[in-house]
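Chemist: From the sequence below, what's the structure:
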Amino acid sequence: MKKSIDTKKLGFVLVLIFILLAKLPFPFLGEVYANHTFKTEDIDKFVTSYLKQHGLPGASIVVVKNGQLIYEKGYGHDSEGNPITEKSLMRIGSASKSFSAFAVLQLVEEGKVQLDDRVIKYLPEVTLDDSRWKEVTIRQLLSHTSGIPNPIIVPPANNLKAGVERLSDWRLQANPGEKYYYSNANYWIIALLVEKISEQEFSEYLNQKLFSPLGMDDSLANVNSGDLVVGLPRGYVTVYGKAMPWSELEAMNMGAGSIISTASDMGKWLSMQTNEGKSEEGEQLLSKELLEETYSPQLGSEKYSLGWELSSPNVKPARISHSGVETTYQAQQDIIPNSGYAVAVLLNSFTPTIEHAYEISTGIIQLTEGQKPELKAPVSKIIDLSLGVITMIYLLLGIRGILRSKRWSKERKKQTAWRFVLGLMPQIVPSLLIGWLFFIVPTLQNNSSTTMNVFGLFPAALFLLAIVFMIGVVLTVLRIYYRISFKDKNYTKKRSELL
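Modeler: You can find the predicted model right below:
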């Protein structure tokens with residue numbers, strides 16, 4: 001006789017088995033559980049707490065998963081007092097490189113260029129003072145394995161062509177393809193390459209082939225960071241745990257760090273990245289195969305692919321990322337292949353000692369993994385306040401030294417000139433070095449930077465140096481003045497005695 005199955009009992013058993021399995025330490029089950037318990041209000045709580053603890057004025061974030069928007073929001077305010085939203089414009093700095101690389105891969109897919117073609121095939125007018133330059137390939141530019149250096153100070157340039165022409169007297173740091181050397185110049189050349197092949201300005205190409213198809217209606221690329229952009233207020237620099245409005249350092253960085261975007265637009269970009277190269281409307285902007293190539297380690301570089309940074313083995317979960325740091329803005333974009341999540345964080349402030357955008361993105365990723373993000377100690381604030389204490393101590397000691405300058409010189413009035421000057425060296429040497437940093441360095445290579453631009457790079461440290469400089473100059477001048485006064489008095493006294 002055929003036995004019938006009790007479906008109620010069977011259902012009860014299956015539910016019981018599922019509950020038991022869920023409690024076992026299987027990573028994949030834990031991940032599914034984490035994704036189901038991810039709450040957007042947890043992001044709000046974490047980001048708000050982070051901004052408050054670290055003294056940051058504002059942030060905008062976006063989270064997507066497998067091509068779908070999960071959450072986007074803005075926090076805080078801009079330098080004009082307006083609330084930050086997901087639609088607020090911000091500079092994304094070097095995160096722009098991912099877009100530049102994507103543009104090249106589109107041209108590869110169209111058959112107009114090959115990754116392993118030599119650059120001079122398309123840009124024979126671009127030259128370096130190094131015969132090895134002729135061997136550099138497009139792939140090597142994209143992966144920073146060309147050997148091109150990354151000088152801190154370069155001459156100004158008003159357009160992309162002039163920016164690339166600055167390389168004419170440069171030499172490679174290594175043979176092409178051998179070593180990873182990060183250089184913005186690689187991506188200046190990439191932008192010029194896109195212009196040459198597409199017969200369009202680079203910014204126009206991005207608008208037509210990337211921004212418009214993705215619906216990134218607020219995004220744009222500008223030639224010079226000093227150019228006025230409607231709707232983009234000044235950013236901030238942080239100092240002593242506070243944010244101070246500041247002007248962006250002027251630089252031509254087309255292709256390497258020229259994009260201005262919003263969290264909402266970055267969400268559309270990352271949605272395409274996590275949807276096999278397809279836009280929300282289903283348009284294929286890049287094939288799955290080439291998209292995966294952009295995430296793959298390259299010869300000579302295990303930590304950088306084609307416009308993307310690859311996380312080290314100790315970072316869990318593994319990320320495909322790119323950060324962007326300007327002198328008044330920060331950005332971070334992360335793709336988590338194992339979970340399908342992607343996160344972008346845009347900040348309207350710059351902190352010299354830590355990349356806050358990376359830390360916030362890390363916290364959000366931890367939330368997507370079902371983990372509680374760690375709110376770390378405000379290291380940058382601690383460093384700044386420590387420098388502030390040192391500044392105050394030096395200032396007080398300096399004032400004390402100034403008040404005792406006459407006595408100091410009197411005690412040494414019988415010393416020979418060279419011994420007296422030797423005693424001034426602790427003030428003269430630092431003052432000369434700091435003066436060189438403040439007044440000479442900004443003018444090198446006909447640079448358009450100013451002393452105030454230098455100050456904005458690390459205000460707490462440079463304020464300390466400014467105090468050291470001023471105390472040193474005043475002490476030196478006063479001590480020399482009093483020595484001359486004493487010499488004159490001695491001379492007058494001896495002359496009166498002779499008469």
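Chemist: that's a strand at Gly324, yeah?
Modeler: Yes - judged by DSSP: H, G, I helix; E, B strand; the rest coil, Gly324 forms part of a strand.
Chemist: in terms of contact, does it touch Gln332 like I think?
Modeler: Yes - applying C-beta atoms under 8 Å, one finds Gly324 in contact with Gln332, separated by 7.4 Å. Backbone N, C-alpha and C define where each C-beta goes, glycine included.
Chemist: So for Gly226, what pLDDT did the model give?
Modeler: Looking at Gly226, its pLDDT stands at 79.
Chemist: what separates it from Gly324, distance-wise?
Modeler: As judged by C-beta to C-beta, to the nearest Å, Gly226 and Gly324 stand 17 Å apart.
Chemist: between those two, who's got more neighbours?
Modeler: Gly324 (26 against 14; other C-beta atoms under 10 Å).
Chemist: what sits against the closest residue to that one other than its chain neighbours?
Modeler: Nearest non-adjacent residue to Gly324, counting by C-beta to C-beta, 6 or more residues apart in numbering: Gly93, 2.8 Å away. Taking C-beta atoms under 8 Å, 6 or more residues apart in numbering, we find Gly93 in contact with 257, 323-326, 329-331.
Chemist: Please enumerate the shared neighbours of Gly324 and Gln332.
Modeler: Common contact partners of Gly324 and Gln332 (C-beta under 8 Å, 6+ apart): 95, 357.
Chemist: can you pull out the helices in the stretch 201-350 of the chain?
Modeler: Taking DSSP state H, counting those that start in this stretch as the criterion, the stretch 201-350 of the chain carries its helices at 202-206, 212-214, 263-273, 288-294.
Chemist: Sketch out the low-pLDDT regions of the stretch 201-350 of the chain for me.
Modeler: Applying pLDDT under 70 to the stretch 201-350 of the chain picks out no residues at all.
Chemist: if I pick the residue nearest the centre of the chain, what's in contact with it?
Modeler: Geometric centre of the chain, nearest residue: Val325, 1.7 Å, by C-alpha atoms, centre = their mean. Shown in contact with Val325 (C-beta under 8 Å, 6+ apart): 93-94, 331, 350, 355.
Chemist: same thing with Arg118?
Modeler: Neighbour list for Arg118: 134-138 [criterion: C-beta under 8 Å, 6+ apart].
Chemist: Could I get the buried residue list for stretch 129-144?
Modeler: For stretch 129-144, burial by neighbour count (16 or more other C-beta atoms under 10 Å) applies to 130, 133, 135-144.
Chemist: and what of stretch 213-227?
Modeler: 213-216, 219-225.
Chemist: Pipe the residues you listed into TSV and attach distance to Gly363 per row.
Modeler: Converted to TSV, the buried residues of stretch 213-227 look like this (distance: C-beta to C-beta, whole Å):
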residue	distance to Gly363
Pro213	32
Leu214	26
Gly215	28
Met216	25
Ser219	25
Leu220	29
Ala221	29
Asn222	31
Val223	35
Asn224	34
Ser225	28
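Chemist: Deepest in the core, which of the helices of the stretch 201-350 of the chain is it.
Modeler: Of all those, helix 263-273 has the most neighbours on average by mean count of other C-beta atoms under 10 Å, namely a mean of 25.
Chemist: which secondary structure elements does that one contact?
Modeler: strand 58-65, strand 68-76, helix 212-214, strand 330-336, strand 341-347 (3 or more C-beta pairs under 8 Å, 6 or more residues apart in numbering; DSSP states H and E).
Chemist: who does the shortest one touch, helix- and strand-wise?
Modeler: In terms of contact count using 3+ C-beta pairs under 8 Å, 6+ apart, helix 212-214 is assigned the packing partners helix 263-273.
Chemist: before we move on, what about the first one?
Modeler: If you count contacts as 3+ C-beta pairs under 8 Å, 6+ apart, strand 58-65 packs onto helix 40-54, strand 68-76, helix 263-273, strand 341-347, helix 356-368.
Chemist: Output the ones you listed as CSV; include the columns distance to Gly472.
Modeler: Below are those laid out as CSV (distance: least, C-beta to C-beta, whole Å):
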stretch, distance to Gly472
helix 40-54, 33
strand 68-76, 39
helix 263-273, 46
strand 341-347, 36
helix 356-368, 34
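Chemist: Quick one: closest of these to Ala460.
Modeler: Ala460 lies closest, by C-beta to C-beta, to one member of those: helix 40-54, at 14.1 Å.
Chemist: how about that closest one: buried residues?
Modeler: For helix 40-54, using 16+ other C-beta under 10 Å, the buried residues are 42-43, 46-47, 50-51, 54.
Chemist: do the same with stretch 350-360
Modeler: 350-352, 354-360.
Chemist: just those residues now: which is nearest Phe38?
Modeler: Ile360 (16.0 Å).
Chemist: wouldn't that closest one be in contact with Gly58 here?
Modeler: No - counting by C-beta under 8 Å, Gly58 is not a contact partner of Ile360; they are 11.7 Å apart.
Chemist: buried set for the helix ranked longest in the chain?
Modeler: Among the segments of the chain that qualify as a helix by DSSP state H, the longest is helix 459-498. Residues 459-469, 471-476, 478-479, 482-483, 486 are the ones in helix 459-498 that count as buried (16+ other C-beta under 10 Å).
Chemist: swap in stretch 440-460?
Modeler: Quick answer for stretch 440-460 (16+ other C-beta under 10 Å): 442, 447, 449-450, 453-456, 458-460.
Chemist: Can you lay out the residues you listed as a markdown table showing pLDDT and secondary structure?
Modeler: Output for the buried residues of stretch 440-460, formatted as a markdown table (pLDDT from 0 to 100; DSSP: H, G, I helix; E, B strand; the rest coil):
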| residue | pLDDT | secondary structure |
| --- | --- | --- |
| Pro442 | 78 | helix |
| Asn447 | 69 | coil |
| Ser449 | 72 | coil |
| Thr450 | 76 | coil |
| Asn453 | 81 | helix |
| Val454 | 83 | helix |
| Phe455 | 86 | helix |
| Gly456 | 90 | helix |
| Phe458 | 95 | coil |
| Pro459 | 95 | helix |
| Ala460 | 96 | helix |
